[in-house]
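[1] Here's my sequence, what's the structure:
(one chain, ligands or ions: 1)
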Amino acid sequence: MVEKEAVFSKKFEILKALIKNSRSTVVLTGAGISTLSGIPDFRSSSGVYANNWKTYQVEEILSISFFKNNPEIFYEWAKEYWYKLDTYQPNTVHTALATLEQKGYLEGLFTQNIDMLHKKAGSKKCYEVHGSAEHHHCTNCNAYYPYQHVAPLVLEGQVPRCTECGGVIKPDIVFYGENLDGFTLSRAYEMFNHAQLCLVLGSSLVVQPAASFPAYTVHRGAPLVIVNAQKTSFDSSATLRFTDLQQFSSALADFLTTLESRKPLV
Ligand code: OAD
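    Have a look, this model is predicted:
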């Protein structure tokens with residue numbers, strides 16, 4: 001929902017000052033940002049969870065126990081959703097965040113997205129908290145396989161198997177029932193805890209533990225900025241709230257053209 005220009009501009013002026021004054025800005029992104037690239041999110045009315053896939057709830061398909069018992073059903077689903085991700089391009093949100101980093105204004109970018117688009121846009125300080133479709137491992141011998149190896153097999157209708165031992169290959173994506181990577185999690189706690197500004201873009205903030213990252217910033221009294229078309233449980237803690245990612249990222253991209261580069265602290 002696009003906001004009225006006068007209301008939006010007033011808030012955006014405040015955001016500009018917050019970005020300029022912060023020596024440590026962290027960003028958390030969710031599936032909402034990739035809707036601008038044409039990838040559906042999960043919990044919007046047109047999201048992946050809105051309808052069952054065949055007789056299954058998609059959340060069930062994305063659980064580790066389901067994957068272990070039914071890899072062929074998982075890959076049949078993933079063939080449509082995850083193994084065409086290489087055909088999508090980064091949008092204004094991804095490119096603006098990459099520029100924010102290149103200009104020295106971003107300490108860490110934490111994404112729940114597995115779609116590889118932040119890295120494609122050029123972000124380096126990017127932590128993929130739910131993993132990435134880029135990497136895969138054999139569930140038996142742990143041999144590594146990249147997306148480029150696995151995607152053609154899945155698109156042919158195969159369950160990808162290890163060329164060494166024949167084990168089922170699994171994407172390095174955090175399924176329901178699996179833990180997040182410990183290193184990524186500790187970086188998140190550290191960075192959100194000492195951030196001077198936190199932006200949350202396109203996440204419903206319902207899936208833990210990522211949904212709690214902004215709490216670390218807010219509890220220390222630092223500003224939180226949320227961009228989401230729908231309400232989130234953190235809205236009452238937000239210093240600023242915007243509703244439309246396209247409107248927000250276009251304004252951010254314009255602002256960044258005027259922003260001088262500075263040396264990052266880290
Ligand atoms: P969700 O689908 O839960 O949330 C996306 C949010 O983006 C929604 O709240 C939308 O309102 C908002 N949104 C979408 N398009 C927008 C637009 N153009 N402008 C403004 N807001 C917009 O996605 P996540 O929060 O990322 O886990 O979901 C978290 C995790 O749940 C995912 O990483 C995934 C899923 O289970 C795994 O796959 C492991």
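[2] how much space is there between the closest residue to Leu100 other than its chain neighbours and Leu256?
    Taking Cβ to Cβ, 6 or more residues apart in numbering as the measure, Leu100 lies nearest to Leu106, with 4.5 Å between them; neighbours along the chain are not counted. The C-beta positions use only the backbone N, C-alpha and C, and glycine is treated the same way. Shown here: Leu106 relative to Leu256, a distance of 11 Å by Cβ to Cβ, to the nearest Å.
[3] Report the contact partners of the residue in the stretch 51-200 of the chain that the ligand sits nearest to.
    The stretch 51-200 of the chain approaches the ligand most closely through Gln112 (3.5 Å), counting by Cβ to the nearest ligand atom. The contact partners of Gln112, taken as Cβ atoms under 8 Å, 6 or more residues apart in numbering, are 28-31, 129-130, 203, 207, 210.
[4] quick one: which of these is nearest the ligand?
    For the contacts of Gln112, with the ligand as the reference and Cβ to the nearest ligand atom as the criterion, the closest is Gly30, at 2.7 Å.
[5] pLDDT at that closest one, what is it?
    Per-residue confidence (pLDDT) for Gly30: 98.
[6] Throw the contacts of Gln112 into a markdown table and include neighbour count and distance to Val227, thanks.
    Formatted as a markdown table, the entries for the contacts of Gln112 read as follows, by neighbours: other Cβ atoms under 10 Å; distance: Cβ to Cβ, whole Å:
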| residue | neighbour count | distance to Val227 |
| --- | --- | --- |
| Leu28 | 27 | 11 |
| Thr29 | 28 | 10 |
| Gly30 | 25 | 10 |
| Ala31 | 23 | 13 |
| Val129 | 22 | 18 |
| His130 | 20 | 19 |
| Ser203 | 29 | 9 |
| Val207 | 17 | 18 |
| Ala210 | 24 | 16 |
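[7] which of those residues are close to the ligand?
    Here is what survives when those are matched to the ligand using Cβ under 6 Å from any ligand atom: 30-31, 130, 203, 207.
[8] Can you lay out the residues you listed as JSON lines showing secondary structure?
    Compiled in JSON lines, the ones next to the ligand among the contacts of Gln112 are given as follows (DSSP: H, G, I helix; E, B strand; the rest coil):
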{"residue": "Gly30", "secondary structure": "coil"}
{"residue": "Ala31", "secondary structure": "helix"}
{"residue": "His130", "secondary structure": "coil"}
{"residue": "Ser203", "secondary structure": "coil"}
{"residue": "Val207", "secondary structure": "coil"}
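[9] Tell me the one among those nearest to Pro171.
    Nearest to Pro171 out of those is His130 (Cβ to Cβ; 10.6 Å).
[10] which ones are touching the closest one?
    Each residue near His130 by Cβ under 8 Å, 6+ apart is listed here: 111-114, 173-174, 180, 210.
[11] next one: Gln57
    When contacts are counted by Cβ under 8 Å, 6+ apart, Gln57 touches Tyr49.
[12] distance of His137 from Trp82?
    16 Å.
[13] Pick out whichever of these two has more residues nearby.
    Looking at His137 and Trp82 with other Cβ atoms under 10 Å, you find the greater number of neighbours at Trp82, namely 20 against 16.
[14] The closest residue to that one other than its chain neighbours: neighbour count?
    Using Cβ to Cβ, 6+ apart and skipping the chain neighbours, the partner closest in space to Trp82 is Ala133 (5.3 Å). Residues lying near Ala133 (other Cβ under 10 Å) number 23.
[15] can you check Gly177 too?
    The burial metric for Gly177, expressed as a neighbour count using other Cβ under 10 Å, is 12.
[16] Just confirm it contacts Ile64, I think it does.
    Yes: with the criterion set as Cβ atoms under 8 Å, Gly177 and Ile64 qualify as a contacting pair; they are 4.1 Å apart.
[17] Got phi/psi on Ala253?
    Listed backbone geometry of Ala253 is phi -60, psi -40, with angles given as degrees, to the nearest 10.
[18] any idea how far Ala50 lies from the ligand?
    Distance of Ala50 to the ligand, given as Cβ to the nearest ligand atom, to the nearest Å: 10 Å.
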